[in-house]
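# Dropping the sequence and predicted coords here.
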Amino acid sequence: MSNDPIIRIKDLHKSFGPVEVLKGIDMDVAPGQIVALIGPSGSGKSTLLRTINQLEDVTSGEIFFDGALVNRDLPHRQREKHLNRLRQDIGMVFQHFNLFPHLTAIENVTMAPVLLGRQTKTQALAEARALLEKVGLSDRADYYPSRLSGGQKQRVAIARALAMNPKAMLFDEVTSALDPELVGEVNKVMKQLAQEHMTMIIVTHELRFASDVADHVVFMADGVVVEEGPPDALFRAPQHERTKAFLQQVFEG
Amino acid sequence: MDFALIAKVWTFFAAAAWVTLQISALAICLGLCLGFAAALASISRNVLLRFPARVYVSIFRGTPALIQLFLLYYGGPQIGLQLGPFEAGVIGLGINIGAYMTESIRGAILAVEKGQMEAARCLGLGHVQSMRNVILPQALRLMVRPLGVNAVALIKGSAIVSTISVVELTYTAHRYISSTYKPFEMFILASLFYLVIVSVVSFAVNRIDERVALES
Ligand SMILES: Nc1ncnc2c1ncn2[C@@H]1O[C@H](COP(=O)(O)OP(=O)(O)OP(=O)(O)O)[C@@H](O)[C@H]1O
Ligand SMILES: [Mg+2]
């Protein structure tokens, strides 16, 4: 097994207009590693995550995924092709689910693999059933998203991302929009993925969950990585004042 | 109110209503085609598509439909475009309503939540695939009502083709007024036929809208 990082971010800068929100980020994620990305609101966590699959383009710096330079400078058409190819390997789950409301749960899961010619309709359906079962939703396959609870929607969204058989998964505060009693069922699915050694970057405000599931925690503030390390070290013995202040605030609040 | 007169002429008005219906239906079809094409062009990244679409919408929404119709019917022959009244009516009304429909369709497409496109692209779908399979199916549902409003406006607005002697409802009303001198009855009769057509169309639009509405 190679130890080359599957995601490598080098000196990444990103500005929105005149405002620089990522100010030189470096980050490596090894295959199978589970990284929790924490930090105060507005620190650039979502933006960083979204640059990895180029939902946001970058101002400067490099992002490698599985050895390939993600933000290659290409003419529009080729860039689109290149990204379509790459994105199939990078699953993403959003805070607000973004399920396709005109499709049933199972259709949400089968759509991409079928359209992209990964699987036949029959294969995709079988695969989707297995995935829905995995996230505990076999009995909701034919429900439209509007009839699912937030926790169920989010689990369908995870199944939808998994259907592309991605090499890594990006989670952006996927439980923040949920009622507290529904958080557990989604976290459980993510823990299960962790046990299966899925490579994951998890942006979260739930520090307990982060320390449970992650093997590496990155603390960001104001567009820079302030401190990182194994959860035990970072949560028990933070080195930087900003980290201490943040942890104190979160644990008290 | 001269009911005897109404009883005598109403079948002619019914025939004229059929013409109004035909010309409106054809113009709406033309408008929908132009509307879809121009709406897709107007949201394209390509300025060579976007710009003409914007110009089309601005011009045809920004000038009187009546002048557009006259320009086509009376001005057309000057540049070698010879059209009969009915054809000119369909084309003139269609191009005009197409500009309004462009805005309805464009609005519906833009009203689909931004996260939908992102979710589709994240899965590796291309822009066109995402449009076709994710955005448009949702936008179609959102555009039924605004397009219905456009269609109703077109039906009522089709009265202007009476000025280029298409024998439709308004023209027919005028014709019978000049022979009977009963404008009150004739305009009431014409209005009733418009009302019937518009009511049926509105009803149909509502039904379609209920049908396609997303469950919630
Ligand atoms: N599309 C955008 N245009 C302009 N500014 C943006 C855009 N997206 C994010 N920002 C700004 O970039 C900064 C970082 O935002 P980001 O969403 O990455 O933070 P975050 O760490 O995810 O915060 P939160 O915990 O609230 O989700 C913020 O100041 C935000 O206002
Ligand atoms: Mg965020």
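Structure's in. What do you need? Ligands and ions are numbered 1, 2, ... in the order given.

# from here on, contacts and neighbour counts on C-alpha atoms
Will do.

# which stretches of chain B have low pLDDT?
B:215-216 (pLDDT under 70).

# Break down it into its helices, ranges please.
Applying DSSP state H to chain B gives helices spanning B:3-42, B:47-62, B:65-70, B:85-111, B:114-122, B:127-130, B:136-157, B:169-180, B:183-212.

# can the ones you listed go into TSV with extra columns for mean neighbour count and distance to A:K23?
Conversion of those to TSV gives the following (neighbours: other Cα atoms under 10 Å in any protein chain shown; distance: least, Cα to Cα, whole Å):
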stretch	mean neighbour count	distance to A:K23
helix B:3-42	19	36
helix B:47-62	16	33
helix B:65-70	18	55
helix B:85-111	24	32
helix B:114-122	20	24
helix B:127-130	15	30
helix B:136-157	20	38
helix B:169-180	18	69
helix B:183-212	16	47
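
# per-residue pLDDT, A:S2?
The per-residue pLDDT reported for A:S2 equals 57.

# Oh, that last question was meant for A:V250, not what I typed.
Predicted confidence (pLDDT) for A:V250: 84.

# Spell out which helix or strand contains it, please.
In this assignment (DSSP states H and E), A:V250 forms part of helix A:241-252.

# From the contact counts, what lies against that helix?
For helix A:241-252, the elements it packs on are strand A:224-229, judged by 3 or more Cα pairs under 8 Å, 6 or more residues apart in numbering or on different chains; DSSP states H and E.

# for the strand it packs on, which positions count as buried?
Neighbour-count burial for strand A:224-229 flags A:224-228 (criterion: 16 or more other Cα atoms under 10 Å in any protein chain shown).

# just stretch A:201-211 next, same as before
Those would be A:201-205, A:207, A:210-211, for stretch A:201-211 by 16+ other Cα under 10 Å.

# Among those residues, which ones are in strands?
The strands, defined by DSSP state E, take in A:201-203 from these.

# Show me which of those residues is closest to chain B.
Nearest to chain B out of these is A:I201 (Cα to the nearest Cα; 15.1 Å).

# Do I have it right that the closest one meets A:K167?
No: under the criterion of Cα atoms under 8 Å, A:I201 is not in contact with A:K167, lying 11.7 Å apart.

# For ligand 1, what's its nearest residue on chain B.
Per Cα to the nearest ligand atom, B:K114 is where chain B lies closest to ligand 1, at 11.5 Å.

# residues in chain B within reach of chain A, list them.
Contact residues (Cα under 8 Å from any Cα of the partner chain) of chain B with chain A: B:115-116, B:118-126, B:129, B:134, B:137-138, B:214-216.

# one step back: JSON lines for the buried residues of stretch A:201-211, including distance to ligand 1 and pLDDT?
Below are the buried residues of stretch A:201-211 laid out as JSON lines (distance: Cα to the nearest ligand atom, whole Å; pLDDT from 0 to 100):
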{"residue": "A:I201", "distance to ligand 1": "13", "pLDDT": "98"}
{"residue": "A:I202", "distance to ligand 1": "11", "pLDDT": "98"}
{"residue": "A:V203", "distance to ligand 1": "8", "pLDDT": "98"}
{"residue": "A:T204", "distance to ligand 1": "8", "pLDDT": "96"}
{"residue": "A:H205", "distance to ligand 1": "8", "pLDDT": "93"}
{"residue": "A:L207", "distance to ligand 1": "13", "pLDDT": "93"}
{"residue": "A:A210", "distance to ligand 1": "15", "pLDDT": "95"}
{"residue": "A:S211", "distance to ligand 1": "18", "pLDDT": "94"}
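
# Spatially central residue (nearest the centroid) of chain A, please.
Nearest to the geometric centre of chain A sits A:L170, at 1.3 Å (Cα atoms, centre = their mean).

# Ligand 1 versus that residue, what's the distance?
13 Å (Cα to the nearest ligand atom, to the nearest Å).

# That residue belongs to a strand?
Yes: applying DSSP: H, G, I helix; E, B strand; the rest coil, one finds A:L170 inside a strand.

# mind checking pLDDT for A:I7?
As predicted, A:I7 sits at a pLDDT of 97.

# quick one: it from ligand 1, how far?
Using Cα to the nearest ligand atom, A:I7 is found at 18 Å from ligand 1.

# Quick check: phi and psi at the residue nearest to A:Q33 when sequence neighbours are not counted.
Spatial nearest neighbour of A:Q33, excluding adjacent residues (Cα to Cα, 6 or more residues apart in numbering or on different chains): A:T199 at 5.1 Å. Phi and psi for A:T199, reported as degrees, to the nearest 10, are phi -70, psi 130.

# Distance-wise, check A:T199 relative to A:V217.
Separation of A:T199 from A:V217 (Cα to Cα, to the nearest Å): 14 Å.

# just B:A204 next, same as before
Taking Cα to Cα, one finds B:A204 at 58 Å from A:V217.

# Identify the residues contacting stretch B:130-144?
The contact list for stretch B:130-144 (Cα atoms under 8 Å, 6 or more residues apart in numbering or on different chains) reads A:100-102, B:104-105, B:107-109, B:111-112, B:116-117, B:120-121, B:205, B:208-209, B:212-214.

# cool, stretch A:34-43 as well?
Counting by Cα under 8 Å, 6+ apart, A:21, A:29, A:45, A:194, A:198-205, A:207, A:210, A:213-224, A:246 sit against stretch A:34-43.

# Swap in 7 Å and give it another go.
With contact meaning Cα atoms under 7 Å, 6 or more residues apart in numbering or on different chains, stretch A:34-43 is reached by A:45, A:194, A:199-205, A:210, A:214-223.

# With stretch A:189-205 instead?
So stretch A:189-205 is contacted by A:31-38, A:45, A:135, A:167-173, A:213 (Cα under 7 Å, 6+ apart).

# Go through those residues and flag which are in strands.
Under the assignment DSSP E, the contacts of stretch A:189-205 contribute A:34-38, A:168-172 to strands.

# looking at the helices of chain B, which is closest to A:I7?
Of all those, helix B:114-122 sits nearest to A:I7, with 16.4 Å by Cα to Cα.

# which strands and helices sit next to the closest one?
Using 3 or more Cα pairs under 7 Å, 6 or more residues apart in numbering or on different chains; DSSP states H and E, the elements in contact with helix B:114-122 are helix B:127-130.

# Distance of B:A27 relative to B:R145?
18 Å.

# how deep is A:H82 tucked in, by neighbour count?
Neighbours of A:H82 under the rule other Cα atoms under 10 Å in any protein chain shown: 18.

# how many other residues sit next to B:E113?
The burial count for B:E113: 13, using other Cα under 10 Å.

# Give me the phi and psi angles of it.
Dihedral angles of B:E113 (phi, psi; degrees, to the nearest 10) stand at phi -50, psi 140.

# Closest one of the buried residues of strand A:224-229 to ligand 1?
Ranked by distance to ligand 1 (Cα to the nearest ligand atom), the buried residues of strand A:224-229 are led by A:V224 at 10.6 Å.

# Let me see the confidence value for the closest one.
Here, the pLDDT recorded for A:V224 equals 97.

# Likewise for the one 5 residues further on?
As summarised for this prediction, A:G229 has a pLDDT of 96.

# my guess is it contacts A:V217, does it?
Yes: shown here, A:G229 and A:V217 form a contact pair, counting by Cα atoms under 7 Å, at 5.5 Å.
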